[in-house]
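Student: just a sequence and a predicted model for now, questions to come.
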Amino acid sequence: MSGRTGARFSLALRIAAGTLGAYAVTALVTVAASRLLIRCSIDAVEAVTGVALASFALFAAVSMTVFHARNLGRTCAALLALSVACTAMIFLLGFAS
């Protein structure tokens, strides 16, 4: 791969990780945090509303982190690890109240 093609491929991967990856991580963290707060006997409406409001800031932070990081591989690995951890927490907490 030439230098120009490699740079374009790297940019395309960074854009995909910064948008789709950040969306996936934010959605999983939102669900996991909502389930955790509900499990801690906080009202479901308040838990979901509060976490949904915080998710906007989380998406921005994750997206900026992906675009700011020097090593794209480590960043994608961190996104994957966080996704797996949140998915495990969702399964451990259960889907229904």
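Tutor: Done, it's in.
Student: tally of neighbours for Cys40?
Tutor: By the criterion of other Cβ atoms under 10 Å, Cys40 has 8 neighbours. In short, each C-beta sits where N, CA and C put it, glycine included.
Student: could you measure from it over to Phe67?
Tutor: Distance, Cys40 to Phe67, by Cβ to Cβ, to the nearest Å: 34 Å.
Student: what sits against the residue nearest to Leu36 when sequence neighbours are not counted?
Tutor: Distance criterion Cβ to Cβ, 6 or more residues apart in numbering; nearest residue to Leu36, sequence neighbours excluded, is Leu93 at 6.4 Å. Taking Cβ atoms under 8 Å, 6 or more residues apart in numbering, we find Leu93 in contact with 32, 35-36, 39.
Student: roughly how far apart are Leu93 and Thr75?
Tutor: 27 Å.
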